[in-house]
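Q: I'd like to go over a predicted model; first the sequence, then the structure.
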Protein chains: 2
Amino acid sequence: MDIPSAKIAVVGSGAVGCYYGGLLARSGADVHFLMRSDLKAVRENGLTIRTMGKTLSVTGIQAAASTDEIGPCDLVIIALKATANAMLLEAIPPLLKPDTALLTLQNGLGNEEFLAAHWGEDRVMGALCFVCLNRIAPGVIEHFDHGSISIGELRRPAGDRLRAVADAFRRAGVDANPVENLVTERWRKLLWNIPFNGLSIAANGATVADVLADDGLRKLARDLMTEVLEAAARLGHEIPAAFADFQIERSFSMGAYQPSSMIDWSHRRPVEVEAIWGEPWRQGVAAGAAMPRLEMLYRLLIHAVRPV
Amino acid sequence: MDIPSAKIAVVGSGAVGCYYGGLLARSGADVHFLMRSDLKAVRENGLTIRTMGKTLSVTGIQAAASTDEIGPCDLVIIALKATANAMLLEAIPPLLKPDTALLTLQNGLGNEEFLAAHWGEDRVMGALCFVCLNRIAPGVIEHFDHGSISIGELRRPAGDRLRAVADAFRRAGVDANPVENLVTERWRKLLWNIPFNGLSIAANGATVADVLADDGLRKLARDLMTEVLEAAARLGHEIPAAFADFQIERSFSMGAYQPSSMIDWSHRRPVEVEAIWGEPWRQGVAAGAAMPRLEMLYRLLIHAVRPV
């Protein structure tokens, strides 16, 4: 794929899609955004990314109300909430050519598999986004911190396609790191997200600092990590226990950070319960891991985030 | 003990103490209540028990502001929240003669042991109260349902003393059932209280109907029961698994019942976290039981009920 001339679609134009898609467009890539609520504002005013005291305005944004309007692309970037994956069944087909690549920036487990099941494993790439973003108005994204991505092929080593996409992100100013085993990286990220995002809701609004300050919750977070490590290991992803200890230790510097799931929950937005807790629990149990704490957390979260 | 002539103290004059003590006083027993906030109202107006559409007025109540005022008794009924047990260290000694019996009506595990550790195991009896009560004003108790008690000696079979106390309750209109193994009965009651009282808080205000209607929470409640059964069995209290299934089944008829801990929590009153969850978990783990779900529930509850 020659990205400078490639046609790229972004499906899911929330904070993540607008941020990364906006940076790609700003770098000269041919990016088309599927938009709903923000369509009019973005067509009129473009995208605005507020970052580190600066304001980046990206004008001339190509935004469409349907993927039929966009038509076949070389690369489709999927950045919608995993809870909305069903909409992809209609949205993806108009974007496909025989060699169209699909890159999911979604959280947790199961998204690459969903794409592979419907449109073929060969198309599928995934990336983990290490970024703190918030969409504060239609087409306006606030960028608080970080921004790097780890990008890999699904169950294949990195090849020319992956390097081309990573290069495109780098030209856009994104620190993009190709990884050999994408799913291992997902488990490494879940090692933190499962306890800290989960307990932030299950303990009814506990920030990272709250979890760490409570001896019982901190121990519970570490015990959840032990379950995740065991499941990952049984699934072929060896992560050293010392990495879990390090993840606890480094979290002390985060202060009263609100995990993204806590923010979604407190605003009554959908929380990716299946991708972050349900699928890791199912995969771990299927591989023979004992995960009673994760199961309990999952069940409490299903209840906590249900519409009322 | 000859109860008709016995001097009885009630320590902890909330809903439970006022209800059972009030019925004993009404039946002619010589009952002395230790009171704080309700003292003036009860001295002036006596106790009022609203029950099943009737109002029972119990006048001539003997209420004191300290146990020094009450002096030595034959029987001390302890009905305060287990979270306030430390106050007993000062309150109990003025009530003691060499043969004074101590009867705790408190919930959960550890209360008999607390009394035994400080004032001798021979004195200690305990009772489980199956009753729905609410204190709606100083000296005014609303009785919604049930009222029976199961009463036993601590680690001794029932004897003359226990029968005399049970008879006194029966004369007062209370269905009092002597039990041979008090601690087994406590575990049988915990089998329900641990999941349903616990999840009512951990699932952020879930009634019994809410827990039963959510497949995940209902399974979690049953899994918690399995842990409790295993711990009880290791501690010598064999409870058949069918009893757990029965407890789930019978709960469907309770509808949107709010467990007492949920009511306490929603009113920001102390919740007996150690007696209902902490002590069973500690005893179970010490006996070699695996109790990851109870441990997690306990840690979430400590956090949920902390003063903020």
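A: Yes, it's here. Numbering: from 1, shown residues only, chains lettered A, B, ... in the order given.

Q: which parts of chain A sit against chain B?
A: Contacts of chain A with chain B, taken as Cβ under 8 Å from any Cβ of the partner chain, map to A:202-204, A:206, A:210, A:214, A:216-217, A:219-220, A:223, A:292-293, A:295-300, A:302-304, A:306. To be clear about C-beta, it is placed using only N, CA and C from the backbone, and glycine gets the same treatment.

Q: Please repeat the previous calculation with a cut-off of 10 Å.
A: A:199, A:201-206, A:210-211, A:213-221, A:223-224, A:227, A:278, A:290-304, A:306 (Cβ under 10 Å from any Cβ of the partner chain).

Q: Now, of the residues you listed, which are buried?
A: A:199, A:201-204, A:206, A:210-211, A:214, A:216-218, A:220-221, A:223-224, A:227, A:278, A:291-304 (16 or more other Cβ atoms under 10 Å in any protein chain shown).

Q: follow-up on the earlier one: so which of the residues of chain A next to chain B are in helices?
A: For the residues of chain A next to chain B, membership in helices holds for A:199, A:201-202, A:210-211, A:213, A:215-221, A:223-224, A:227, A:292-304, with DSSP state H as the criterion.

Q: how about low-confidence regions in the stretch 151-300 of chain A?
A: For the stretch 151-300 of chain A, no stretch has pLDDT under 70.

Q: which residue ranges form the helices in it?
A: Listed in chain order, the helices of the stretch 151-300 of chain A (DSSP state H, counting those that start in this stretch) span A:160-171, A:182-202, A:208-213, A:215-234, A:241-251, A:260-266, A:273, A:279-286, A:292-305.

Q: Please identify the deepest-packed of those helices.
A: Of all the helices of the stretch 151-300 of chain A, helix A:273 has the most neighbours on average by mean count of other Cβ atoms under 10 Å in any protein chain shown, namely a mean of 26.

Q: Would you mind giving the domain segments of chain A?
A: Following automatic domain parsing, one gets these domains for chain A: A:3-180, A:184-304.

Q: right, and the ones you listed - which one's nearest residue B:12?
A: For the domains of chain A, proximity to residue B:12 was assessed by Cβ to Cβ; domain A:184-304 is nearest, at 27.7 Å.

Q: From start to finish, how long is the closest one in a straight line?
A: 29 Å (Cα to Cα, to the nearest Å).

Q: quick one: that domain to chain centroid distance?
A: A distance of 15 Å separates the centroid of the chain from that of domain A:184-304, by Cα atoms, centre = their mean, to the nearest Å.

Q: so where do the helices sit in the stretch 1-150 of chain A?
A: For the stretch 1-150 of chain A, the helices defined by DSSP H, counting those that start in this stretch occupy A:15-26, A:39-45, A:67-70, A:88-91, A:111-119.

Q: Could you name the helices and strands sitting against the last one?
A: I take that to be helix A:111-119. Judged by 3 or more Cβ pairs under 10 Å, 6 or more residues apart in numbering or on different chains; DSSP states H and E, helix A:111-119 is in contact with strand A:75-78, helix A:88-91, strand A:101-104, strand A:124-137, helix A:182-202, helix A:279-286.

Q: can you put these in JSON lines and add distance to residue B:140?
A: Below are the helices and strands packed on helix A:111-119 laid out as JSON lines (distance: least, Cβ to Cβ, whole Å):
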{"stretch": "strand A:75-78", "distance to residue B:140": "62"}
{"stretch": "helix A:88-91", "distance to residue B:140": "61"}
{"stretch": "strand A:101-104", "distance to residue B:140": "62"}
{"stretch": "strand A:124-137", "distance to residue B:140": "51"}
{"stretch": "helix A:182-202", "distance to residue B:140": "38"}
{"stretch": "helix A:279-286", "distance to residue B:140": "49"}
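
Q: ok, the residue in the stretch 1-150 of chain A positioned nearest to chain B - contacts?
A: Using Cβ to the nearest Cβ, the closest approach of the stretch 1-150 of chain A to chain B is made by residue A:83 at 16.7 Å. By Cβ atoms under 10 Å, 6 or more residues apart in numbering or on different chains, the contact list for residue A:83 reads A:106, A:264, A:269, A:270, A:271, A:272, A:273, A:274, A:275, A:305.

Q: repeat for residue A:122
A: Counting by Cβ under 10 Å, 6+ apart, residue A:122 touches A:99, A:101, A:102, A:116, A:153, A:154, A:156, A:161.

Q: does the last one really touch residue A:125, like I thought?
A: The reference is to residue A:161. Yes: with contact defined as Cβ atoms under 10 Å, residue A:161 reaches residue A:125; the gap is 7.5 Å.

Q: Please enumerate the shared neighbours of the two.
A: Shared contacts of residue A:161 and residue A:125, defined by Cβ under 10 Å, 6+ apart, are found at A:75, A:101, A:103, A:153.

Q: can you list those in CSV and add neighbour count?
A: Formatted as CSV, the shared contacts of residue A:161 and residue A:125 follow (neighbours: other Cβ atoms under 10 Å in any protein chain shown):
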residue, neighbour count
A:75, 26
A:101, 22
A:103, 26
A:153, 24
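
Q: avg pLDDT for stretch A:49-68?
A: Across stretch A:49-68, the average pLDDT comes to 94.

Q: how much space between residue A:180 and residue A:6?
A: With distances taken as Cβ to Cβ, to the nearest Å, residue A:180 is found 24 Å from residue A:6.

Q: And these two? Which one has more around it.
A: The neighbour comparison of residue A:180 against residue A:6 (other Cβ atoms under 10 Å in any protein chain shown) goes to residue A:6, with 17 against 12.

Q: Pretty sure residue A:168 is one of the things the more buried one touches, is it not?
A: Yes: using Cβ under 10 Å, residue A:6 is in contact with residue A:168, at 7.8 Å.

Q: and for those two, which residues touch both?
A: Contacts common to residue A:6 and residue A:168, judged by Cβ under 10 Å, 6+ apart, are A:29, A:75.

Q: Tell me who's in contact with the closest residue to residue A:101 other than its chain neighbours.
A: Sequence neighbours aside, residue A:75 is the residue nearest to residue A:101 in space, at 5.0 Å (criterion: Cβ to Cβ, 6 or more residues apart in numbering or on different chains). Shown in contact with residue A:75 (Cβ under 10 Å, 6+ apart): A:1, A:3, A:6-10, A:24, A:29-31, A:95, A:100-103, A:123, A:125, A:161, A:164-165, A:168.

Q: again, 6 Å this time
A: Contact analysis of residue A:75 by Cβ atoms under 6 Å, 6 or more residues apart in numbering or on different chains lists A:6, A:8, A:101.

Q: Next: residue A:199.
A: A:206, A:211, A:217.

Q: One more pass at 8 Å, please.
A: Going by Cβ atoms under 8 Å, 6 or more residues apart in numbering or on different chains, residue A:199 touches A:206, A:211, A:217, A:220, A:221, A:224, A:297.

Q: Could you find the closest non-adjacent residue to it?
A: For residue A:199, the spatially nearest residue (Cβ to Cβ, 6+ apart) is residue A:211, at 5.2 Å.

Q: My guess is the one you found contacts residue A:200. True?
A: Yes: contact criterion Cβ atoms under 8 Å: residue A:211 and residue A:200 qualify, at 7.3 Å.
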